[in-house]
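>>> sequence first, predicted coordinates after that:
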Amino acid sequence: MQSDIMGAGLGMGMGVGLGGSFSSEMSQMSKVMSTKETPAVHICKHCHHPNQENSSFCSKCGNSLAEQSAAAATIDCNNCGHGLPKGTKFCPNCGDKYHACPSCGADNAESALECIQCHQPMPSPCPNCNHMNSGHTKFCGNCGTSLSLKCSRCQHEVKPGQKFCLDCGNNLQEGGQA
């Protein structure tokens, strides 16, 4: 009987000792999990992805995270010039669809090859699968089809709207583009 009581006493002593170290570890863990030490993030206005505080561009969609000034907050319709409200998909004045530049947000014509405001290449659909690719992409991100235009005679890369091949002089307007 006396040994049972001694065993219980030893067990309690060990429990108290373990309790102290367990408590210490939990205290350290709560310091790590403290919300006061949570890093600040920038939320992308385009895709709502959280980014690190010191990021200049969104890590998901690539849009600039720089604060837009109040003057740049309103965007004009490329068709009628009417101001487009924030979050709109169509112009409330003329009904033209809002085709935003991924770099600056300016409205552009649906067929625009480059932005009318910042002159960056506009996204374009893949001729094979219609996946929208950024203007700097040479191959479709969905199916791998080449997105660069080539002269049908010499296969030299040409730009959209170019009239003649700069390498061989082929007339590209008469079906000379591949």
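Arrived safely, thanks for sending.
>>> contacts, neighbours, all on C-alpha from now
Noted.
>>> chain center to stretch 87-97, what's the gap?
Relative to its chain's centre, stretch 87-97 lies at 23 Å (Cα atoms, centre = their mean, to the nearest Å).
>>> measure the residue lying closest to Ile116 once chain neighbours are set aside to Leu147 for me?
Using Cα to Cα, 6 or more residues apart in numbering and skipping the chain neighbours, the partner closest in space to Ile116 is Asn108 (6.6 Å). Asn108 sits 21 Å away from Leu147 when distances are taken as Cα to Cα, to the nearest Å.
>>> now do Lys163
Going from Lys163 to Leu147 by Cα to Cα gives 18 Å.
>>> and what of Gly83?
34 Å.
>>> who has more neighbours, those two?
Neighbour tally, Gly83 and Leu147, criterion other Cα atoms under 10 Å: the higher count belongs to Leu147, 18 against 15.
>>> that one: what's it in contact with?
Cys126, Pro127, Thr137, Lys138, Phe139, Cys140 (Cα atoms under 8 Å, 6 or more residues apart in numbering).
>>> got a ChimeraX select line for the buried ones in those residues?
Burial among these is assessed by 16 or more other Cα atoms under 10 Å; the matching ChimeraX selection reads:
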select :126,140
